[in-house]
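Asks: Take a look and give me a structure for this.
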Amino acid sequence: QVPLVESGGGLVQAGGSLRLSCVASGRTVSSYAMGWFRQAPGKEREFVAGFRWSGGSTYYADSVKGRFTISGDNAKNTVYLQMNNLKPEDTAVYYCAARAGRATVSTRDYQYWGQGTQVTVSS
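Replies: This is a model prediction of the structure:
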């Protein structure tokens with residue numbers, strides 16, 4: 001098991017920034033790939049960004065490229081999602097996820113999920 005706990009969500013005006021954190025407890029996650037996903041009301045959960053500890057490779061959905069940055073702190077077992085220039089369409093519950101192997105964009109590939117943190121962007 002890889003318990004994941006997200007934090008850092010909140011209410012922000014359009015153009016503002018937030019930083020989400022995802023702490024993995026219980027074991028090191030250096031052999032896992034990490035992903036951030038989001039789910040807006042009435043929509044399917046979608047990939048936002050991915051990160052692989054080995055080599056530090058990062059991956060982004062086109063909708064967030066240039067605005068969001070995913071990074072990790074191995075010593076703290078924590079993955080971050082820095083979100084800048086937020087838009088109302090970024091409003092969603094954001095989830096952290098982990099899987100063995102490489103980062104992918106499919107929710108079905110991830111074995112472990114956090115409980116989610118709400119991000120609301122007002123116009």
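
Asks: For the rest of this, base every contact and every neighbour count on C-alpha atoms.
Replies: Will do.

Asks: Name whatever forms a beta bridge with the residue nearest the centre of the chain.
Replies: Closest to where the C-alpha atoms of the chain average out (CA atoms, centre = their mean) is residue 36, at 2.3 Å. Beta-bridge partners for residue 36, by DSSP bridges, are residue 49, residue 96.

Asks: thinking it is in contact with residue 58, fair?
Replies: No. If you go by CA atoms under 8 Å, residue 36 and residue 58 don't touch, sitting 11.2 Å apart.

Asks: intersection of neighbour lists for the two?
Replies: Common neighbours of residue 36 and residue 58 are listed as 49-50 (criterion: CA atoms under 8 Å, 6 or more residues apart in numbering).

Asks: What is the burial count for residue 53?
Replies: 20 (other CA atoms under 10 Å).

Asks: dump the residue contacts of it.
Replies: With CA under 8 Å, 6+ apart, residue 53 has these contacts: 30-33, 72, 74.

Asks: got JSON lines for those, with pLDDT and neighbour count too?
Replies: Output for these, formatted as JSON lines (pLDDT from 0 to 100; neighbours: other CA atoms under 10 Å):
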{"residue": "30", "pLDDT": "77", "neighbour count": "16"}
{"residue": "31", "pLDDT": "81", "neighbour count": "14"}
{"residue": "32", "pLDDT": "87", "neighbour count": "20"}
{"residue": "33", "pLDDT": "92", "neighbour count": "23"}
{"residue": "72", "pLDDT": "92", "neighbour count": "20"}
{"residue": "74", "pLDDT": "86", "neighbour count": "12"}
